[in-house]
Structure formats: structure tokens, C-alpha cells
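Q: quick one: sequence and predicted model below, then my questions.
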Amino acid sequence: MLSHDELTATARRIRGLLVQMSHRAGAPHLGSSLSCVDILVASYFAALRIDPQRPDAVDRDRFILSKGHAVTTLYATLALRGFFPVEQLVDFGVAGGHLPEHPSPGCVPGLEAATGSLGHGLSLGIGMALASRILGVSYRVYVTLSDGECNEGSVWEAALMAPAKGLENLVVIVDFNKWQATGRSTEVLALQPLREKWEAFGWSALEVDGHDMDELASALTRVPDGSRKPVAIIAHTVKGKGISFMEDDNNWHYRIPNLSEVEAALRELGHP
Amino acid sequence: MRDAFAKELTDLAGQDDRIVLLSGDIGNRMFDDFKGRFPDRFFNCGVAEANMTSVAAGMAMCGLRPVTYTIASFNTVRCLEQIRLDVCYHRLPVLIAGVGGGLSYAENCASHLSCEDIAMLRVIPNMTVICPGDVHEVRGALRAALLHDGPVYLRLGKKGEPAVHSSEPPFVIGKGIVIRQGQEVCLLSTGNVLPLAVRSADALEALGISTQVVSCHTVKPLDHDLLAEAFSRFRLVATLEEHSVLGGLGGSVAEWVTDHEPSRAVLLRCGTADAFPPGAGHQEYMRQIHGLVPGDIVRRVQQLLKASVSAR
């Protein structure tokens, strides 16, 4: 397992890659991708029982990025974790390339599900978690949602089912950056109190600082947590995290950085 | 058909431990045997079809063979995006079983009718659409579907449909089954109207019109060889279905005709109209409204045969 400093350095490197990928491909959702970097780094480098050499191992932990619009974060994380060469990231968004702006099935090794339309990932995760029980193979399933995604009714259908089936090997992580595409996620619909909602649905719910590697790693590793319930981690995050002029500015949901903004961002991240 | 489905599925689950049954809070006693024998492979997913469909997809991603089961309209249109993206995009072997296709639940009115489902599902890439014609075809279709390496929509009737076959015919996905031979008219039936096709053929034969009947149980993929032969050999080909004339078997065959050589036969599409039901009524009443009765079918066949002669 990487040290705290190594984890944060990895996250910084990924943030630099994301800015460049967004610029090169002219692809939106940079703010959303930046907000979940630490969640993915803590998952892939500190919690998940995975082997990049055996991406199809039946007993691997599964990670589903249900907020598929932030897939650059997943591509970059999988690449740095060794699932495929980092050089392939230049293929992102290129016509005829294999890295679309929302993932396609099996587009890279280690990608568990094609997502993009919100509200699908948690149900897929339930299916995988139940399969673990049916097949008698032990693994855990991690699903990362956006807060805006919690608008989708299917999320709450899934939230009702997982505790009913006692899926203690299932974790939902909500990337709670307080924004959705066109407004504050706490105002567009009545999202709050979010942790209490998951708790009331029968989950073992906790809140963490979604940019604190130690808090994240600790919560993500402690699964199952002994409660016999599925685990909901409400990760408080900042949209656009890591680049001062993007942080908590929802314009970066769709905006694409120009060259001077890329350079400024890379300087701030300490990239060469 | 639903009892035959439940029994066959239970038998198959005994032979293949990858088979998992997910129910949308329906089939109260019907699956008792399945639940008793395979309690770890039955899940009541509640009244939450979108979630049920994606759960099935997640299971299939792990190597299982899930079957989702509820009323046809709810197991298709309600969760269409989950079928499209989670099941079909990933090309997963999920069997979507819809009970009460077409007008089976007519007494429950429009909410429970399923006359657009074939159209909506067949346009999704990777999807196979099967509508068995009687209980014997249900068994064959279910076995074939569970061996198929991809998504299948199995559109069932409800209960008490008369058997057309005396025993189980060989069942191959995408290959129609000739029920009786004829020379002049060919009736292509899909799903629970197969007995109606046979009765209509009887009526046509009584008028001296030699009529072939085919159970065209697979709407996607279509049986190209069968259609090529039918449109070159017969004077008239008629499609029969408890489904809108838009986009179902009739719509599929009309597309096929457009894409192929000029044919000898004219096409007649018998199905439900592009309209919601006007009010209350059971299945037989609704069939009458839509002209899905032997008298109306015979009359339309005769008219079209006459018109096609005078057009020459």
C-alpha cells in the first residue's frame, strides 16, 4: 500500500492528466472529474483487492464509476495502477479511439461497466454483490455516485434493495461536491440530509472528508464493517478540487480549459 | 403459458446452477417450487423494475444467467433504458420475461397492455425478441433463450391459451415453424394469436383459399429464408399479432419487404391499431375492436386478394 504522501502525489499527477485530457479532447466535466480523484486513488491504491495483471479474476473487488461523465479520472487511475500504459490516455476522445467521453463496455482492462446515464451503477453493484454470494466467491463491490445522480429514482430503488438482502460486501460512495450540472445539488432537489437518508434506508452510513486520504482509506478498507449492512460513505468534496481557479466554480462542469489555463493548472499542481 | 414457463424454468434451474430468477413482486404461488428448490437463486426485487433489470445485468457480468420476470409492460417500457444500456450495450445473457404480452391484461386497461413492447425492444442492438405461440413453444423458447449468448426478450401470453402443437416442436431461434402447408395465402403469426391464425386458416380453407400457417415466434432476428420463400410463392402474406401494427412483426416484415427484391405477394398487417383502448373490456372484446377475429381477417384477406387481381 502506498504511503499518505505517495497517495497524494498520485492524486496530484492524475489531476494534471485530467486537465490535459480535457483540453486536448475538448471534453467537458473537468470539475466533476477533479472532485472524485481522491476517492478513486484511495480506492484503487489503498482499498481494492485487485491485480492489474489479472483484471478478470473472479475474486477481484469490483469498482463501478456510476458517474460515468467523470471517466477521465477512472481512465487515469487505471493507467497509473498498471491496467494499461499511461501513454494510451492521449487516445481519450479521439475519433476512432478506444477511450470515449463516457466509457464503453470493456474499453480498457479493469473497467467493470459502461456508465454515462446516471442511476445505473448501484443496481449493477447489487447484482455483482449478490453474485458473490450465489457463486460462493468472496469479494467487495464499490460504487461511486455523484450527488446530482441521487436525483435518479433508480438510486433509491437500489438503496431499498441492498439492505433488504444484507449486502455487507457493497459500498456506495457519494461524491458530495454540492453541485450538479446547473445548480446547487442541495437546492435543485431536497438532497439533504444525505447521510441520514442512507441511514434511514438501512445502510451503515458515515461522512468523510473526500479529499483526506487517511479518512478515505480507512473508511474504504473497513468493509464489511461488522454491522451486516451495506456501507454508504458520504464523501464531502469540492468540485474542481486541486486547481484554485476551478474550485467550487460550477462553470467547470462544462468549460474546457484553454492552453494558458492548462499551464496555470499544471504549475499549481507542481507538474514539470 | 406462464405455468409452463414456471415449470420449465424450475426444471432448467435444476440442470444449470447459473440460472437465477428475479421477480418484480409477482407470481405469488407460481414460483413456489422454484423457491423451495433454489431459495438462494430467487429474488423478489419488489416493485422496482429499473433496479431489477440492472441487478440482473450485474449478475450476468459475473457469469450468472439471470431471468427477470414481471408483467410485460412493466418489464420492458418501464425499464427500457436499463435494458438498452446495462443489458444490451454489454451484450449480457439476461432473459427478460414479460408475462401478459399484448392484450392479455385487457381488463386492466392501457396501463397493463403491452402493444408497443416488441417495437421498442427489437430496435435495440444485440436484442433477440421471441414470442412463443403456445405452451409447447414456451418450453422450447425458454431452453433456447437460456443457451443464447446475449439478451433475449421472451414475450409470454398469460394463462389458458389453447395448445396448437400436440407436442414440443424443434425450436430454433430465428426459424419459423410451419404449422400447416398451403398454396395461396401465408399467415405469419407471432405470440399468443397462433390459435387465431389456425382458426382464420380454417375459415379461409372453407372458402377454398389454400392457407399456410407459420409460427413466426422470433421477431428479431427475422427468418430471412422463410420470408424470401413466402413472398415469392404466395399471393398474400398476412402478419398476425397482439401488438401495434407499427413496429411489431408486421412492421418488421414491411421493412424486410422494402429492403428486398420486388415480391409476388402483397402484405397484410393484422394487429392492434395505433390507439389506446377506448374503455373497459376483456381480451376477446379488445381483439374484436382491433379486428383480430377470424371473420375480420378473412374479410381483409379476401378484399386484398381481389384488389391484387384487379390491379394486374
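A: Received it, and whenever you're ready, just let me know what you need.
Q: ok, for whatever residue of the stretch 151-300 of chain B ends up closest to chain A, nearest residue in space, not its chain neighbours?
A: Residue nearest to chain A within the stretch 151-300 of chain B: residue B:151 (12.8 Å; Cβ to the nearest Cβ). Where C-beta positions appear, they are placed from N, C-alpha and C, glycine not excepted. The shortest distance from residue B:151 to any non-neighbouring residue, by Cβ to Cβ, 6 or more residues apart in numbering or on different chains, is to residue B:87 (4.8 Å).
Q: so what's the residue count around the one you found?
A: Using other Cβ atoms under 10 Å in any protein chain shown, residue B:87 has 29 neighbouring residues.
Q: residues in contact with residue B:87?
A: By Cβ atoms under 8 Å, 6 or more residues apart in numbering or on different chains, the contact list for residue B:87 reads B:53, B:56-57, B:60, B:94, B:96, B:151.
Q: could you redo the last one with a cut-off of 6 Å?
A: Listed by Cβ atoms under 6 Å, 6 or more residues apart in numbering or on different chains, the contact set of residue B:87 reads B:57, B:94, B:151.
Q: how much space between it and residue B:143?
A: In this view, residue B:87 and residue B:143 are 20 Å apart by Cβ to Cβ, to the nearest Å.
Q: which one of the contacts of residue B:87 sits in the busiest neighbourhood?
A: Of the contacts of residue B:87, with other Cβ under 10 Å as the count, residue B:94 tops at 31 neighbours.
Q: doesn't residue B:58 make contact with that residue?
A: No. Judged on Cβ atoms under 6 Å, residue B:94 makes no contact with residue B:58 at a distance of 9.9 Å.
Q: low pLDDT regions in chain A?
A: Counting by pLDDT under 70, chain A contains low-confidence ranges at A:272.
Q: who in it is up against chain B?
A: Residues of chain A lying close to chain B (Cβ under 6 Å from any Cβ of the partner chain) are A:105, A:114, A:117, A:120, A:123-124, A:126-128, A:131, A:154, A:157-158, A:161.
Q: rewinding a little: so for the residue of the stretch 151-300 of chain B closest to chain A, what's the pLDDT?
A: Per-residue pLDDT puts residue B:151 at 98.
Q: now it: how far from residue B:203?
A: Between residue B:151 and residue B:203 the distance is 38 Å, computed by Cβ to Cβ.
Q: and for residue A:240?
A: Residue A:240 sits at a distance of 72 Å from residue B:203 (criterion: Cβ to Cβ).
Q: who has more neighbours out of the two?
A: residue A:240 (27 against 18).
Q: pretty sure that one is touching residue A:247, no?
A: Yes. Using Cβ under 6 Å, residue A:240 makes contact with residue A:247 at a distance of 4.7 Å.
Q: circling back: any chance of JSON lines for the contacts of residue B:87, columns secondary structure?
A: JSON lines is the format used below for these (DSSP: H, G, I helix; E, B strand; the rest coil):
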{"residue": "B:57", "secondary structure": "helix"}
{"residue": "B:94", "secondary structure": "coil"}
{"residue": "B:151", "secondary structure": "coil"}
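Q: which one among those residues gets closest to residue B:233?
A: residue B:151 (33.4 Å; Cβ to Cβ).
Q: ok, the closest one - contacts?
A: Contacts of residue B:151 (Cβ under 6 Å, 6+ apart): B:87-88, B:94, B:126-127.
Q: give me the residue from chain B nearest chain A.
A: residue B:58 (2.1 Å).
Q: what about that residue, neighbour count?
A: For residue B:58, the count of nearby residues is 33 (other Cβ under 10 Å).
Q: then the helix or strand harbouring it to PDB, C-alphas only?
A: Assigned by DSSP states H and E, residue B:58 falls within helix B:49-61. Output of helix B:49-61 as PDB, limited to C-alpha atoms (Å, rounded to 0.1, in the frame of the first residue of the first chain):
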ATOM      1  CA  GLU B  49     -38.200  -2.900 -12.400                       C
ATOM      2  CA  ALA B  50     -35.400  -0.400 -13.300                       C
ATOM      3  CA  ASN B  51     -33.300  -1.700 -10.400                       C
ATOM      4  CA  MET B  52     -34.300  -5.300 -11.100                       C
ATOM      5  CA  THR B  53     -33.000  -5.100 -14.600                       C
ATOM      6  CA  SER B  54     -29.700  -3.600 -13.700                       C
ATOM      7  CA  VAL B  55     -29.300  -6.100 -10.800                       C
ATOM      8  CA  ALA B  56     -29.700  -8.900 -13.400                       C
ATOM      9  CA  ALA B  57     -27.100  -7.200 -15.600                       C
ATOM     10  CA  GLY B  58     -24.700  -7.100 -12.700                       C
ATOM     11  CA  MET B  59     -25.200 -10.800 -12.100                       C
ATOM     12  CA  ALA B  60     -24.700 -11.600 -15.700                       C
ATOM     13  CA  MET B  61     -21.400  -9.600 -15.700                       C
END
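Q: I'd like the distance from that helix to the chain centre, please.
A: Its chain's C-alpha centre and that of helix B:49-61 lie 22 Å apart, by Cα atoms, centre = their mean, to the nearest Å.
Q: go on, stretch A:71-79?
A: Computed by Cα atoms, centre = their mean, the chain-centroid distance of stretch A:71-79 equals 9 Å.
Q: what does that stretch contact?
A: The contact list for stretch A:71-79, computed with Cβ under 6 Å, 6+ apart, reads A:14, A:17-18, A:21, A:33, A:36-37, A:40, A:44, A:65, A:86, A:89, A:99, A:103, A:108, A:110.
Q: make TSV out of the residues of chain A next to chain B and add distance to residue B:292.
A: Formatted as TSV, the residues of chain A next to chain B follow (distance: Cβ to Cβ, whole Å):
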residue	distance to residue B:292
A:105	40
A:114	40
A:117	37
A:120	38
A:123	37
A:124	40
A:126	41
A:127	39
A:128	44
A:131	42
A:154	36
A:157	36
A:158	40
A:161	39
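Q: in PyMOL, select just the buried ones from these.
A: To isolate in PyMOL the members of those that are buried, counting by 16 or more other Cβ atoms under 10 Å in any protein chain shown, one can use:
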select buried, chain A and resi 114+117+120+123+124+126+127+128+131+154+157+158+161
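Q: what would the residues of chain A next to chain B look like in a markdown table with secondary structure?
A: Listed next are the residues of chain A next to chain B as a markdown table, based on three-state DSSP:
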| residue | secondary structure |
| --- | --- |
| A:105 | coil |
| A:114 | coil |
| A:117 | coil |
| A:120 | coil |
| A:123 | helix |
| A:124 | helix |
| A:126 | helix |
| A:127 | helix |
| A:128 | helix |
| A:131 | helix |
| A:154 | helix |
| A:157 | helix |
| A:158 | helix |
| A:161 | helix |
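Q: for chain B, what's the nearest residue on chain A?
A: Chain A approaches chain B most closely through residue A:127 (2.1 Å), counting by Cβ to the nearest Cβ.
Q: just give the closest residue to that residue, not the sequence neighbours.
A: residue B:58 is the one closest to residue A:127 (Cβ to Cβ, 6+ apart), at 2.1 Å.
Q: isn't the one you found up against residue A:129?
A: No. The criterion here is Cβ under 6 Å, and residue B:58 misses it with residue A:129 at 7.8 Å.
Q: where do the strands sit along the stretch 151-300 of chain B?
A: All strands of the stretch 151-300 of chain B, identified by DSSP state E, counting those that start in this stretch, fall at B:152-155, B:177-180, B:185-189, B:211-215, B:218-220, B:236-244, B:266-272.
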